[in-house]
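**Student:** Pasting the sequence and the predicted coordinates here, then a few questions.
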Amino acid sequence: MTAQLNPRGDVAVLVPAAGAGVRLGPGGPKALRRIGGEPLLVHAVRRIAAAPSVHTVVVAAPPGDEEAVRALLRPVAALTVVAGGTTRQESVAAALAAVPAGPEIVLVHDAARALTPTALVESVAGAVRGGEDAVVPVLPVVDTIKEVSAAGAVLGTVDRAALRAVQTPQGFRRAVLAAAHAAAVDPLTDDAGLVEKQGVRVTCVPGSEYAMKITRPFDLVLAEHLLTAVPLAGHH
Ligand code: C5P
């Protein structure tokens, strides 16, 4: 059964959170590491669910942990939890299969980007609604990027002006994402990559510093600080 948020919304958001490290209980699972006393997954889902366009949220949980993840998110939003797969791509495909008829825009969002502003969800969805097939939020690359050999020798310097760091949520016309997943062979780290392989144009919208991926211990400290120092962190 699929729970829905806003019946007039036209957006479904898929949240893959079935990584091998993700397990309820004390310690390591990334999507369940806490900032401000709450798991990253809870922060991420709360910000998604606050977006007026969002009709449905589907979370892919580690197989066997669906009920625990459902209980964790029940107070946050009406949503659907499915069992994820062995790769991120399989988890996204399982979540996509659970989207009910209705939403024609599908966003895929990392739970680790817990402070992603609700406004970014709306701007990505808005670009798809405006006619784009596939949309990624991006930031300019601030560091100089070099290509380096396995031995640590610099091979060359990449032209930074042409580079962008890509965040989530990534947004797609539903049929475009479904076709890309149906045709997918090798697992990739993002969904836009699958769509690019289909020869579909992927366009950029401005990302947000708050949509940072909380990956390393430093990021967790920074996110905790942003939450307390900036009470509305991620709301704008
Ligand atoms: O490990 P990585 O950072 O690439 O994971 C990105 C996201 O994909 C995480 O939110 C993780 O929980 C999710 N994932 C998943 N199913 C898997 C592997 C990863 O939903 N089998």
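**Tutor:** Now that the structure is in, tell me what you want to look at. Just so it is clear, the model here is predicted, and its values are computed rather than measured.
**Student:** how much space is there between K30 and the ligand?
**Tutor:** K30 is 7 Å from the ligand, where distance means C-beta to the nearest ligand atom, to the nearest Å. All C-beta atoms are positioned from the backbone trio N, CA, C, and that covers glycine.
**Student:** Hmm, T144 is touching G156, no?
**Tutor:** No. Assessed by C-beta atoms under 8 Å, T144 is found out of contact with G156, at 11.4 Å.
**Student:** near the ligand, which residues of this protein show up?
**Tutor:** 16-19, 22, 31, 60, 84-88, 91, 110-112, 189 (C-beta under 6 Å from any ligand atom).
**Student:** which of those are buried?
**Tutor:** Neighbour counting by 16 or more other C-beta atoms under 10 Å classes 16-19, 22, 31, 60, 84-85, 87-88, 91, 110-112 among the residues of the chain next to the ligand as buried.
**Student:** Can you report the mean pLDDT over the residues of stretch 4-23?
**Tutor:** On average, the pLDDT along stretch 4-23 is 84.
**Student:** now it, how far from the chain's geometric center?
**Tutor:** 9 Å (C-alpha atoms, centre = their mean, to the nearest Å).
**Student:** Over to stretch 31-40?
**Tutor:** For stretch 31-40, the distance to the chain centre is 16 Å (C-alpha atoms, centre = their mean).
**Student:** Skipping adjacent residues, who's closest to Q198 in space?
**Tutor:** Spatial nearest neighbour of Q198, excluding adjacent residues (C-beta to C-beta, 6 or more residues apart in numbering): A180 at 5.2 Å.
**Student:** buried set for stretch 67-84?
**Tutor:** Within stretch 67-84, the residues that count as buried by 16+ other C-beta under 10 Å are A68, V69, L72, L73, V76, A77, L79, T80, V81, V82, A83, G84.
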